[in-house]
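Q: structure of the sequence below:
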Amino acid sequence: MYIQAMETILNSLRAAAEPTRMRILALCTRGAFCVSELVTILGQSQPSLSRHLRLLVEAGLLRRQQEGVFSWFALADAASAEGALARLLVGRLPEDDAVLAADRRMAVQTLSERARTASDSFRAQGADWDEMTALGLPKAEVEAALASVAGQGRLGRVLDIGTGTGRVLELLGPRADLGLGVDASPQMMKLARTRLAQAGLAHCSLRQADMYRLPLPDGGDGQGFDLTILQMVLHHAEDPEAVLREAARVTRRGGKIIVVELAAHMAHDAADKLAHRHRGFAAQAMRAMLLDAGLSLAGTVTIPGPIATEIWSGAVINRPIPMPALSPRLSDHQEAHP
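A: This next block holds a predicted model:
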């Protein structure tokens, strides 16, 4: 019995003794993931990940559950010796490891995307879906306020981070000299591409990208985007401060950044179903994040609703300290950077 137990432990340790497999175990502490989601998060090929998953399942560290055509992978039951060992190993990993932190950020994006595409309203509305409508917010009022804060006349080069179905580009694109929307979701890209084509916005393009590591050059003096927008993005982010710093990095000095976000609020059923990472942001917290990103702040517009919506804006005056370079997660196979 003792020898059998020892062999089980050794088999589990051998299965876990590989960096990608430890990353998989760390991710699965957050819940179950399917293979395609792990491919997106880890940036590795499906055959390679399938082999890692098979070894972890055979060692008892992961459990595999089949639901229709999808296989879901989660940590083994904590009551089992293998499940307890998996949690012990993950617990020894450093919280500040850059690769693991990047995995966590991508996992949050993936879970948010899963919740969004699983919602009944998204399935019914497709390209016409947007989060403001799903939350019962006054969309028309918010969009009118956004257009006003963006300013009158031509807007120059416009970047929409977390573009979703492309509604912001549709709204502001006619006044942009060039528009670019980025989103991590291939499904959102398809819907946004259809929307922009129907609107005849040929000068606006799309690119699948990680909002923490935009495949775009530094803004620098006189370069970069003139206007960068983050609408209903930060409450989905694991690290909203890092997203804002990256937005400031690609915006030219003196360029404007606009953040449309939920104010701090209590529990909200619709927000919970959409897997929000944050329950909005208090004014003091948002102000601190924007200042830390190197912005000089303008006024704030508040639009009442079931959850108050706030529009923050400011100009980039200081270059933010760049994040450490990490290996890319998403292939740049979309339209080239304009």
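Q: what secondary structure does Phe73 sit in?
A: State at Phe73, reduced to three classes by DSSP: H, G, I helix; E, B strand; the rest coil: strand.
Q: where does the stretch 51-200 of the chain dip in pLDDT?
A: 68, 115-129 (pLDDT under 70).
Q: cutoff 50 now
A: The stretch 51-200 of the chain contains no residues with pLDDT under 50.
Q: can you give me the strands for the chain?
A: 33-34, 62-67, 70-75, 156-161, 176-183, 204-208, 225-231, 251-262, 295-297, 301-303, 309-316 (DSSP state E).
Q: for the ones you listed, give me JSON lines that also has distance to Pro94.
A: (C-beta placed from N, C-alpha, C; glycine too.) Listed next are these as JSON lines, based on distance: least, C-beta to C-beta, whole Å:
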{"stretch": "strand 33-34", "distance to Pro94": "22"}
{"stretch": "strand 62-67", "distance to Pro94": "22"}
{"stretch": "strand 70-75", "distance to Pro94": "19"}
{"stretch": "strand 156-161", "distance to Pro94": "29"}
{"stretch": "strand 176-183", "distance to Pro94": "30"}
{"stretch": "strand 204-208", "distance to Pro94": "30"}
{"stretch": "strand 225-231", "distance to Pro94": "30"}
{"stretch": "strand 251-262", "distance to Pro94": "31"}
{"stretch": "strand 295-297", "distance to Pro94": "32"}
{"stretch": "strand 301-303", "distance to Pro94": "40"}
{"stretch": "strand 309-316", "distance to Pro94": "33"}
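Q: buried sites along stretch 152-160?
A: Residues of stretch 152-160 classed as buried under the neighbour-count rule (16 or more other C-beta atoms under 10 Å) are Leu155, Gly156, Arg157, Val158, Leu159, Asp160.
Q: quick check, Leu172 in contact with Val158.
A: Yes. Counting by C-beta atoms under 8 Å, Val158 is a contact partner of Leu172 at 5.9 Å.
Q: shared neighbours, those two?
A: Taking C-beta atoms under 8 Å, 6 or more residues apart in numbering as the criterion, Leu172 and Val158 both touch Gly179, Leu227, Ile229.
Q: which residues touch the second one?
A: By C-beta under 8 Å, 6+ apart, the contact list for Leu227 reads 150, 155-159, 172, 176, 251, 255-258.
Q: please apply the same query to Val243.
A: If you count contacts by C-beta under 8 Å, 6+ apart, Val243 has them with Ile161, Met211, Tyr212, Leu230, Val233, Leu234, Ala237.
Q: tell me which residues of stretch 38-50 come out buried.
A: In stretch 38-50, counting by 16+ other C-beta under 10 Å, buried: Leu38, Val39, Thr40, Ile41, Leu42, Gly43, Gln44, Leu49.
Q: now, which of these lie within helices?
A: Leu38, Val39, Thr40, Ile41, Leu42, Leu49 (DSSP state H).
Q: could you export those as JSON lines, including distance to Gln66 and pLDDT?
A: Output for those, formatted as JSON lines (distance: C-beta to C-beta, whole Å; pLDDT from 0 to 100):
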{"residue": "Leu38", "distance to Gln66": "16", "pLDDT": "92"}
{"residue": "Val39", "distance to Gln66": "18", "pLDDT": "90"}
{"residue": "Thr40", "distance to Gln66": "20", "pLDDT": "86"}
{"residue": "Ile41", "distance to Gln66": "21", "pLDDT": "89"}
{"residue": "Leu42", "distance to Gln66": "21", "pLDDT": "91"}
{"residue": "Leu49", "distance to Gln66": "17", "pLDDT": "91"}
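Q: show me where the stretch 1-150 of the chain has its helices.
A: Ranges of helices in the stretch 1-150 of the chain, per DSSP state H, counting those that start in this stretch, are 2-16, 19-28, 35-42, 46-58, 81-91, 98-118, 120-125, 131-134, 139-150.
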